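Novice: Just the structure for this:
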Amino acid sequence: MTTDIEKRIQNGESFLLAADGNFIGKLTTNIYDVESICNQYGVYGSVYSARSIWNQYSQYGSQYALYSAYNPYTMSPPEIYLRGRKCGYLTKNTYKFNHVDPDNIMSWMRQNNL
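Specialist: Modelled structure (predicted):
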């Protein structure tokens with residue numbers, strides 16, 4: 001049986017995968033895509049959602065949480081998949097190889113035509 005993540009990889013999608021195995025949003029600048037981290041009303045783009053990197057109190061957005069993009073000390077930040085291939089990490093931890101600062105993710109997505 002193929003998992004949701006495996007299907008996304010096979011389909012060449014761009015997305016974030018938390019270290020705990022949870023899908024935490026599509027990497028697209030489309031604000032109307034229900035799975036986009038840019039949809040401020042969606043599960044993955046809302047500042048109030050537990051599944052959003054933009055929620056400063058969530059396990060993916062808190063500066064103290066183990067799996068958070070905003071924790072500068074985490075060794076388990078979200079993985080970035082670009083067109084189905086793992087290409088780095090979304091993190092404030094500058095020591096993590098191939099990292100993208102979450103505050104720069106919008107420009108990174110534009111540079112990659114997402």
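Novice: Please enumerate the strands of the chain.
Specialist: Secondary structure of the chain (DSSP state E): strands located at 15-17, 23-26, 79-82, 85-90, 99-100.
Novice: Which strands border the fourth one, and is each parallel or antiparallel?
Specialist: Strand 85-90 pairs in its sheet with strand 79-82 (antiparallel), strand 99-100 (parallel), by DSSP bridges.
Novice: Any idea how many residues pack against the nearest residue to residue 72 once chain neighbours are set aside?
Specialist: Among residues not flanking residue 72 along the chain, residue 92 sits closest, at 4.2 Å (Cβ to Cβ, 6 or more residues apart in numbering). C-beta: built from backbone N, CA, C; applies to glycine. For residue 92, the neighbour count with other Cβ atoms under 10 Å is 18.
Novice: What sits closest to residue 39 if chain neighbours are left out?
Specialist: Distances taken as Cβ to Cβ, 6+ apart place residue 45 nearest to residue 39, at 4.1 Å, with adjacent residues excluded.
Novice: Quick check: that neighbour vs residue 51, distance?
Specialist: Plainly put, residue 45 is 10 Å away from residue 51 if you go by Cβ to Cβ, to the nearest Å.
Novice: So what pairs up with the residue most central in space within the chain in the strands?
Specialist: Ranked by distance to the mean C-alpha position of the chain (Cα atoms, centre = their mean), the top residue is residue 16 at 3.3 Å. Beta-bridge partners recorded for residue 16 (DSSP bridges): residue 80.
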